[in-house]
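A.B. asks: Here is my input; please provide its structure:
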Amino acid sequence: MSIPNFITVENISLFLSEDEVDFYDEVDWENQSYATFSICETSFTDYEITEDKTLYKKDEDGLLLLDEYTGQIDFGTVLVLEDKDYEIELRAIFYKGEMRDSSLIKIKKLDREIREQATDKLMQEVEKHEARQKAWWFKLYMLYTKCVTGVFTVIRFVLAFFIKACWYIENKIT
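C.D. replies: The predicted structure follows:
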């Protein structure tokens, strides 16, 4: 599985119009981030498509550097709105950092219940974990775990030293 990069789009009207989606006004498009697996040279890097149809890469300081990428970039996100969830996928074709073509691939309405059930299950597990950490015995359990781990770590390093010493002696003898 590849690692994603992230894209922000300065002007979403390059990809879709208000007529194409009925929830256009409900989304803060300028602050929306999209995931892409199309750019393989980097990972966990932020890119930005500006209003003048240019692709920029953000460096560690947040500065935009022109990226002369050539190829097709498919990117998408899940929009969680008040009453509905949508998956949106977009496509941009670049030549030396300049966008030549852009299109909307798909908008798919998602079943909100699946996400809500997964969120509820996750929150239950988090609450269980927090309750366990607040229990009276948890600090003793952690102390016990660290002691056992520490003892076996020391034993492992001692045995590794003896194995390396035996290997070194064997190589010198033969």
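A.B. asks: domains in this protein, as residue ranges please.
C.D. replies: When the chain is parsed into structural domains using automatic domain parsing, the resulting residue ranges are 5-111, 116-173.
A.B. asks: weakest of the ones you listed in terms of mean pLDDT?
C.D. replies: When the domains of the chain are ranked by mean pLDDT, domain 5-111 comes last with a mean of 90.
A.B. asks: tell me how far that one is from the chain's mean position?
C.D. replies: Offset of domain 5-111 from its chain centre (Cα atoms, centre = their mean, to the nearest Å): 15 Å.
A.B. asks: And it, end to end?
C.D. replies: In domain 5-111, first residue to last residue: 26 Å (Cα to Cα, to the nearest Å).
A.B. asks: Tell me which residues of stretch 8-18 come out buried.
C.D. replies: For stretch 8-18, the neighbour count (16 or more other Cβ atoms under 10 Å) marks 8-9, 12, 14-16 as buried. For the C-beta atoms, the positions are set from N, CA and C on the backbone; glycine is no exception.
A.B. asks: now stretch 71-79
C.D. replies: 73, 75-77, 79.
A.B. asks: Packing partners of the longest strand anywhere in the chain?
C.D. replies: The strand of greatest length in the chain, counted in residues with DSSP state E as the criterion, is given as strand 98-110. Under the contact criterion of 3 or more Cβ pairs under 8 Å, 6 or more residues apart in numbering; DSSP states H and E, the helices and strands touching strand 98-110 comprise strand 71-80, strand 85-95.
A.B. asks: ok so, going back, pick the most buried one from the domains of the chain.
C.D. replies: Between these, the one whose residues have the most neighbours on average, counting mean count of other Cβ atoms under 10 Å, is domain 5-111 (a mean of 15).
A.B. asks: that older thread, for the longest strand of the chain, C-alpha coordinates in PDB please.
C.D. replies: Output for strand 98-110, consisting of C-alpha atoms alone and laid out as PDB, is shown next (Å, rounded to 0.1, in the frame of the first residue of the first chain):
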ATOM      1  CA  GLU A  98       0.800  23.600 -15.300                       C
ATOM      2  CA  MET A  99      -2.700  22.100 -15.200                       C
ATOM      3  CA  ARG A 100      -3.800  21.200 -18.800                       C
ATOM      4  CA  ASP A 101      -7.100  19.600 -17.900                       C
ATOM      5  CA  SER A 102      -9.300  19.200 -14.800                       C
ATOM      6  CA  SER A 103     -12.500  17.100 -14.200                       C
ATOM      7  CA  LEU A 104     -14.800  15.800 -11.700                       C
ATOM      8  CA  ILE A 105     -14.600  12.000 -11.600                       C
ATOM      9  CA  LYS A 106     -17.500  11.200  -9.300                       C
ATOM     10  CA  ILE A 107     -19.600  12.300  -6.400                       C
ATOM     11  CA  LYS A 108     -21.000   9.400  -4.400                       C
ATOM     12  CA  LYS A 109     -23.400   9.700  -1.500                       C
ATOM     13  CA  LEU A 110     -22.300   7.500   1.400                       C
END
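A.B. asks: Since that was my last question, I'll sign off now.
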